[in-house]
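In: below are the sequence and a predicted model; questions follow.
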Amino acid sequence: MTAKGDVDQALELHREEMQTYEALGDQVGRANVSFNIGQICLARAMEHNDAAAFQAAYTAMAESYRILLSIGRPDGICAVGAVLGQVLAMGGQRDAVKPVLVRSRDAYRRLGQAAAAAQVVELLGQIG
């Protein structure tokens, strides 16, 4: 079990890091930090059944995904999209899941990562 203070400190460090990337105009850095924040919040949400942490996870991951789509980074689109698709499904946003996972699958295929693409196909099948 993770101590709340440790998680809060990690989130604060990531927020400080985000300010640096924003000042530099580094979109990839912003996307990476947003995804990391999302993962931390998702872990907190799952561990504590915390709806606010789940919403924070979704918000951060959606921002990461939006940035990656806007700059056309297939390596990020596939990885972030696979997790975001699951978050959307957990949040009951079924209509939004398929396009995200299809983009993730296609990006994995473009990168020649057939095994990862197959895992996303399996997720698509499970989610329906």
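Out: Structure received. Numbers count the residues shown, from 1 in each chain.

In: just after the host helix or strand of Ala52, pick out the following helix or strand.
Out: According to DSSP states H and E, Ala52 maps onto helix 51-71. Heading C-terminal from helix 51-71, the first helix or strand you meet, by DSSP H and E, is helix 74-90.

In: what's the average pLDDT for that next one?
Out: Mean per-residue pLDDT for helix 74-90: 96.

In: which elements pack onto it?
Out: helix 27-48, helix 51-71, helix 94-110, helix 114-127 (3 or more Cβ pairs under 8 Å, 6 or more residues apart in numbering; DSSP states H and E). Where you see a C-beta, it was placed from the backbone N, CA and C, and this is true even at glycine.

In: could you dump those helices to JSON lines with mean pLDDT and mean neighbour count?
Out: Shown next, in JSON lines, are the helices and strands packed on helix 74-90 (pLDDT from 0 to 100; neighbours: other Cβ atoms under 10 Å):
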{"stretch": "helix 27-48", "mean pLDDT": "96", "mean neighbour count": "19"}
{"stretch": "helix 51-71", "mean pLDDT": "97", "mean neighbour count": "19"}
{"stretch": "helix 94-110", "mean pLDDT": "96", "mean neighbour count": "19"}
{"stretch": "helix 114-127", "mean pLDDT": "95", "mean neighbour count": "14"}
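
In: ok, and what's touching the helix holding Ala52?
Out: The contact list for helix 51-71, computed with Cβ atoms under 8 Å, 6 or more residues apart in numbering, reads 27-28, 30-32, 34-35, 37-42, 44-45, 76-77, 80-81, 83-84, 87-88, 90-91, 100, 103.

In: now the residue lying closest to Asn36 once chain neighbours are set aside: which helix or strand?
Out: Of all residues not flanking Asn36 in the chain, His14 sits nearest, at 5.6 Å (Cβ to Cβ, 6 or more residues apart in numbering). Using DSSP H and E, His14 sits within helix 4-24.

In: that helix vs helix 51-71, what angle?
Out: Going by axes from the mean of the first three to the mean of the last three Cα atoms, to 10 degrees, helix 4-24 is angled at 30 degrees with respect to helix 51-71.

In: same question for helix 4-24, mean pLDDT?
Out: Summarised as a single mean, pLDDT over helix 4-24 is 90.
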